[in-house]
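Participant: everything below, folded, please.
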Amino acid sequence: MEYLDTSLVRPRPTLSRALIRLAEEWTEPRISVAQILSALGDRGLVGLLLILAIFNVIPNPPGTSAVLGLPMLYLSWQMMRGQMPWLPQFLAGRSFDIAQFRSVVTRAMPYLNRIERLLRPRLPLLSSPAAMRVLGSVCLVLSVVLILPIPLGNLLPAAAIAIIALGALERDGVWILGGVLFGIATIIFLASTIVILIAALLRLLG
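Facilitator: Numbers count the residues shown, from 1 in each chain. So this is what the prediction gives:
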């Protein structure tokens, strides 16, 4: 009987390793959404969703959420429909300056490395194909909220999507559940804030 030499089996690189390699080896001045999707391979859809969410979590110039929100909306919709990652040209062609991409990767790495050490396969039902479609619908709603012109309204939905994506990448149902609950709390909080602000404005207007 032949036995597989496990020393010759290379473990699948983590998302952080894949991102570091991509940032270090990319030689062109800009990198597009389609190129990132292709570089991430079979985890491209959820991985790209995570990257776009991270872009919204860290401080960025005003209007960034509107630019990045549309690809997130489309990816969430595909995730909800259980489709393979594909983007139309007007989304696939959106690109980032490679220096900005490397800056985001560098700033995110310490946190991503710590988080990856906490992730492990748990509650497999929450990462099943059927569950992934439900998660896609949750991310779709959060992406819509993210695009809305609410002051600092992109931070919390993006953080919820990032948590869900991290859990989905490593099939960790505990993180997926936590991200969904955080997303629901975010929607309730932002909706309540909008209602309070509108009520206050109406009082001022008499």
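Participant: now stretch 176-184: how far from the chain's centre is it?
Facilitator: Using Cα atoms, centre = their mean, to the nearest Å, we find the averaged C-alpha position of stretch 176-184 to lie 13 Å away from the chain's own average C-alpha position.
Participant: buried ones in it, by neighbour count?
Facilitator: Buried residues in stretch 176-184, counted by 16 or more other Cβ atoms under 10 Å: 176-180, 182-183. Just so you know, the C-beta spots here come from the backbone N, C-alpha and C atoms, and that holds for glycine as well.
Participant: among those residues, which are in helices?
Facilitator: Among the buried residues of stretch 176-184, the members found in helices (DSSP state H) are 176-180, 182-183.
Participant: same for the helix or strand of the chain with the lowest mean pLDDT, what does it pack against?
Facilitator: Averaged element by element with mean pLDDT, DSSP states H and E, the chain has its least confident helix or strand at helix 89-92 (a mean of 71). The contact analysis (3 or more Cβ pairs under 8 Å, 6 or more residues apart in numbering; DSSP states H and E) places helix 89-92 against helix 33-39, helix 64-81.
Participant: give me the contact list for it.
Facilitator: By Cβ atoms under 8 Å, 6 or more residues apart in numbering, the surrounding residues in contact with helix 89-92 are 32-34, 37, 70-71, 74.
Participant: only whichever of those are buried, select them in PyMOL.
Facilitator: One line in PyMOL is enough to select the buried ones among the contacts of helix 89-92; burial here means 16+ other Cβ under 10 Å:
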select buried, resi 32+33+34+37+70+71+74
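Participant: the contacts of helix 89-92 into TSV, with extra columns for distance to residue 168 and pLDDT?
Facilitator: As requested, the contacts of helix 89-92 are arranged in TSV below (distance: Cβ to Cβ, whole Å; pLDDT from 0 to 100):
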residue	distance to residue 168	pLDDT
32	23	85
33	19	78
34	21	80
37	16	77
70	21	81
71	17	82
74	17	85
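Participant: in which helix or strand would I find the residue nearest to residue 37 when sequence neighbours are not counted?
Facilitator: In space, not counting the residues next to it along the chain, residue 37 is nearest to residue 44; the distance is 4.4 Å by Cβ to Cβ, 6 or more residues apart in numbering. Residue 44 is located in helix 44-57, with elements delineated by DSSP states H and E.
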